[in-house]
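S.K.: Following is a predicted model, sequence given first.
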Amino acid sequence: MCPYLSLGEKKNNSKVLLEDVVRAILYRLKTGCQWRELPMKQFFEVEYSWNSVYQHFARWSKNGSWEMIKQRLLEKYKTLLDMSCIQLDGSHTISKRGGENVGCQGRKKAKTSNMLFICDNNGLPLSCSEVTSGNHHDVFEIEQQLHMMLKDIKKSEIRTDYLFLNADAGFDAWELRNFCIKNDLFANIDFNKRNGNISDREEIFDKELYKRRIVIERMNAWIDGFKALLIRYETKEKHWRDLHLLAFVCILIRKL
């Protein structure tokens with residue numbers, strides 16, 4: 001992980017080891033404690049502030065280091081992925097402090113933000129979308145979001161054409177099905193009863209293949225193991241997304 005993190009303009013400008021800074025960031029991700037509550041003496045032998053740890057995280061977020069780590073990891077171990085079918089799902093998270101791309105969702109009666117996830121057929125995370133406000137449904141700007149996610153996967157030299165894509169009834173929208181056709185994806189999306197009589201539908205839906213969707217629910221459970229992702233406290237959407245990427249990296253390292 002550390003070789004892909006930038007050191008700044010001055011190579012030796014830090015009085016602490018890079019590994020210790022990463023360990024502190026991972027502690028924040030795993031336990032969900034606030035930045036200012038980091039047990040600094042547990043990680044550093046010298047005097048060091050929690051704000052310096054946060055500034056490291058923010059700088060690596062700004063220059064795309066977290067994205068690069070995930071990209072390189074997938075590229076190196078892509079032969080271990082099961083790309084016979086990819087799974088698509090959405091996540092809605094309550095936002096306590098507000099911030100960028102936060103909106104009120106009536107079902108949860110709170111301000112939330114949304115993200116989309118894609119995993120392989122074993123539940124290993126491949127990509128996540130940009131953050132959208134919680135007052136939008138899962139298929140809001142789905143074509144742009146899915147295009148970005150597939151482009152992200154391709155950066156790891158992983159092909160995305162002619163794959164089966166599983167998604168639940170919440171994604172039963174013409175925009176998504178049309179996007180899949182244009183991009184050589186086979187959409188296996190559960191029918192939404194609100195879209196009319198199911199018996200009149202012409203699209204193919206494979207119930208046996210759809211059973212594999214359970215793996216993305218398992219991936220969501222793995223993500224929930226990182227307490228910092230249960231409730232959003234990050235006000236910047238870039239930081240919130242990059243915390244998810246860091247969780248992806250941890251899952252990939254552990255499972256691959």
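M.R.: Received the coordinates, thanks. Note that this is a predicted model, so its numbers are computed, not measured. Numbering: from 1, shown residues only.
S.K.: and the next element down the chain from the helix or strand that contains Leu116?
M.R.: Element membership of Leu116 [criterion: DSSP states H and E] is strand 110-119. The element immediately downstream of strand 110-119 (helix or strand, assigned by DSSP H and E) is strand 125-128.
S.K.: Only the buried residues of that following strand, if you could.
M.R.: Neighbour-count burial for strand 125-128, with 16 or more other CB atoms under 10 Å as criterion, is recorded at Pro125, Leu126, Ser127, Cys128. C-beta here means a position set from N, CA and C on the backbone, and glycine is covered the same way.
S.K.: got it, and stretch 241-256?
M.R.: Residues Arg241, Asp242, Leu243, His244, Leu245, Leu246, Ala247, Phe248, Val249, Cys250, Ile251, Leu252 are the ones in stretch 241-256 that count as buried (16+ other CB under 10 Å).
S.K.: In CSV: the residues you listed, plus distance to Gly90.
M.R.: Rendered in CSV, the data for those read as follows (distance: CB to CB, whole Å):
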residue, distance to Gly90
Arg241, 14
Asp242, 19
Leu243, 17
His244, 13
Leu245, 17
Leu246, 20
Ala247, 16
Phe248, 16
Val249, 21
Cys250, 21
Ile251, 18
Leu252, 21
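S.K.: Measure how far the strand holding Leu116 is from the centre of its chain, please.
M.R.: Strand 110-119 has its C-alpha centroid displaced from the chain centroid by 9 Å (CA atoms, centre = their mean, to the nearest Å).
S.K.: Could you do stretch 237-249 as well?
M.R.: Between the centre of stretch 237-249 and the centre of its chain there are 6 Å (CA atoms, centre = their mean).
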